[in-house]
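Engineer: My questions are about this predicted structure, shown below with the sequence.
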Amino acid sequence: MGYNCFTSYDSFIHYPRMKKINLAITGCMGRMGQQIIKSAKLDKNFKLVTITENRIIKKKIGGIKPSLNTAQAFKNVNLIIDFTVPKCTLEVLKIAAKLKKRVVIGTTGFSKKDDNLIKKYAKKIPVLRAGNMSLGINLLMYLTEIASKSLGNNFLSKVFEIHHKHKKDHPSGTALMLGKGIAVGKSKNFYKMIGKKYLNKKSFPYGKKINFNSIRKGEVIGQHEVTFSSGKEIITLNHEAFDRALYSEGAFLAAKWLMNKKPGLYSMRDVLNFK
């Protein structure tokens, strides 16, 4: 599946004209934090008001001095974009819920307990959560559900992914999204379908449950592959990302869409209107 990452996502969604969105970006020292700050400077729909980190940073970034995640830091923003780690995300959500601020979450690696906490906060404020903000990946998940449902139980499946050597969690949030797509297609509980999780294996087996294999090497932005096999034929769905701006563009699309929504937990599927 190919996708031109330089195409503007705005061409896919139509939304009413709005005032500039006062934006906060958490994890400003991280790879995605840096990318979102860079992209925010180029998007006229946003005014970057606050950037935060979980430790004191004395130097300015993009002309703004980083703050800690506090109520004061988020007081004057309309929306927070969070690509950090689960512990930080939950801290941000707790503050955002008190201040009634919208939150776009791109963080991955949440536990089932974390998932329940996110749902709890989403009852108070609009929250959009996506393991991957890419249009292509969300289309891939949609196609994965369709394939899983169509192929039925005669086909076994597995998920493969590659990311840069700095990525800590495995499987990636996107790989888990795709695994969930397989489970949804079969109308089964995803958590009960999770099989073995391999790291840096040259090959890995299919199973009655969904097995995952994660490769961590170099500076790879992201490759994902879902494979279905009957033993007589193999069907493969895949996606490769070449530019991290792809994710920040998706996050901004999600942010603009979320501005008109009531409290609730949303996904990129809602933004892109994939039924």
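Structural biologist: Thanks, I have the structure now.
Engineer: Output the longest helix belonging to the protein.
Structural biologist: Secondary structure of the chain per DSSP state H: the longest helix is helix 135-151.
Engineer: What count of nearby residues applies to the residue nearest to residue 206 when sequence neighbours are not counted?
Structural biologist: Spatial nearest neighbour of residue 206, excluding adjacent residues (CB to CB, 6 or more residues apart in numbering): residue 156 at 3.9 Å. Where you see a C-beta, it was placed from the backbone N, CA and C, and this is true even at glycine. By other CB atoms under 10 Å, the residues close to residue 156 number 19.
Engineer: and residue 156, what are its bridge partners?
Structural biologist: residue 229 (DSSP bridges).
Engineer: what sits against it?
Structural biologist: Contacts for residue 156 (CB atoms under 8 Å, 6 or more residues apart in numbering) come out as 206, 207, 208, 228, 229, 230.
Engineer: In the stretch 51-200 of the chain, mark out all the helices, start to finish.
Structural biologist: 71-74, 86-99, 112-121, 135-151, 173-185, 190-193 (DSSP state H, counting those that start in this stretch).
Engineer: What residues sit buried inside the fourth one?
Structural biologist: This points to helix 135-151. 135-141, 143-145, 147-148, 151 (16 or more other CB atoms under 10 Å).
Engineer: Point out the least confident one among those.
Structural biologist: Ranked by pLDDT, the buried residues of helix 135-151 bottom out at residue 135, which scores 88.
Engineer: ok, it touching residue 247?
Structural biologist: No. Using CB atoms under 8 Å, residue 135 is not in contact with residue 247; the gap is 10.4 Å.
Engineer: Point out the most buried one among the helices of the stretch 51-200 of the chain.
Structural biologist: Among the helices of the stretch 51-200 of the chain, helix 173-185 has the highest mean neighbour count (mean count of other CB atoms under 10 Å), at a mean of 23.
Engineer: Can you name the residues that contact the spatially closest residue to residue 174 that is not a sequence neighbour?
Structural biologist: Among residues not flanking residue 174 along the chain, residue 132 sits closest, at 4.2 Å (CB to CB, 6+ apart). By CB under 8 Å, 6+ apart, residue 132 lies in contact with 106, 138, 173, 174, 177, 222, 247, 250, 268.
Engineer: quick revisit: let me have the buried residues of helix 135-151 in CSV, extended by distance to residue 190.
Structural biologist: Shown next, in CSV, are the buried residues of helix 135-151 (distance: CB to CB, whole Å):
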residue, distance to residue 190
135, 23
136, 22
137, 17
138, 17
139, 19
140, 16
141, 12
143, 17
144, 12
145, 12
147, 16
148, 11
151, 17
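Engineer: which one among those residues gets closest to residue 188?
Structural biologist: residue 148 (9.4 Å; CB to CB).
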